[in-house]
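Q: can't give you the sequence, but here's the structure:
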């Protein structure tokens, strides 16, 4: 999958997540490329456009901590249950070295998943992950 196609797909699911959740589930999403030299912002949608790139090292810490315990294949995902504020809440591996990050700036993933609507969002989450498993970002 090319980047413009991925961005349209992600934005569509982002809106569907929030609609299904009946209020804001995630406020921003980003595609990060990971390499030996660090994290690179590839795409971003949200309110922090001006300073998002500068905050990546700090904001990614909770999710990186959760992810250090496993090896991920394209389509796999992880949640940082207790990430607060700008700390990233969730990600899906969408390419060999690319990750799709989701974040809610006001609530932790633990708080978000206690809402019964979270159960209705889960099939959409799996569906999006599967789309990238079948056609990874290149």
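A: Structure received. The structure displayed is predicted, hence computed values, not measured ones. Numbering: from 1, shown residues only.
Q: Only C-alpha atoms from now on, for both contacts and neighbour counts.
A: Noted.
Q: Now do the helices in the protein.
A: Along the chain, the stretches classed as helices by DSSP state H are 3-21, 52-59, 61-67, 109-113, 117-134.
Q: Select, out of these, the one closest to residue 97.
A: Proximity to residue 97, assessed across those by Cα to Cα, is greatest for helix 117-134 (12.6 Å).
Q: which other residues reach that closest one?
A: With contact meaning Cα atoms under 8 Å, 6 or more residues apart in numbering, helix 117-134 is reached by 1, 10, 13, 16-17, 20-22, 74-77, 92-95, 112-113.
Q: The same query, at a cut-off of 6 Å, please.
A: The contact list for helix 117-134, computed with Cα atoms under 6 Å, 6 or more residues apart in numbering, reads 17, 21, 74, 75, 94.
Q: list the contacts for the spatially most central residue of the chain?
A: Note on the chain: the residue nearest the mean C-alpha position is residue 101, at 2.3 Å, using Cα atoms, centre = their mean. Residue 101 makes contact with 29, 30, 90, 91 under the criterion Cα under 6 Å, 6+ apart.
Q: The helices of the chain into a markdown table, with extra columns for distance to residue 83 and mean neighbour count?
A: Shown next, in a markdown table, are the helices of the chain (distance: least, Cα to Cα, whole Å; neighbours: other Cα atoms under 10 Å):
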| stretch | distance to residue 83 | mean neighbour count |
| --- | --- | --- |
| helix 3-21 | 19 | 16 |
| helix 52-59 | 9 | 14 |
| helix 61-67 | 6 | 16 |
| helix 109-113 | 7 | 16 |
| helix 117-134 | 17 | 16 |
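Q: and of the ones you listed, who's closest to residue 81?
A: helix 109-113 (4.8 Å).
Q: and residue 70, how far is that from residue 136?
A: Noted for residue 70: a distance of 20 Å to residue 136, by Cα to Cα, to the nearest Å.
Q: Compare neighbour counts for the two and give me the winner.
A: Using other Cα atoms under 10 Å, the more surrounded residue of residue 70 and residue 136 is residue 136, with 19 against 8.
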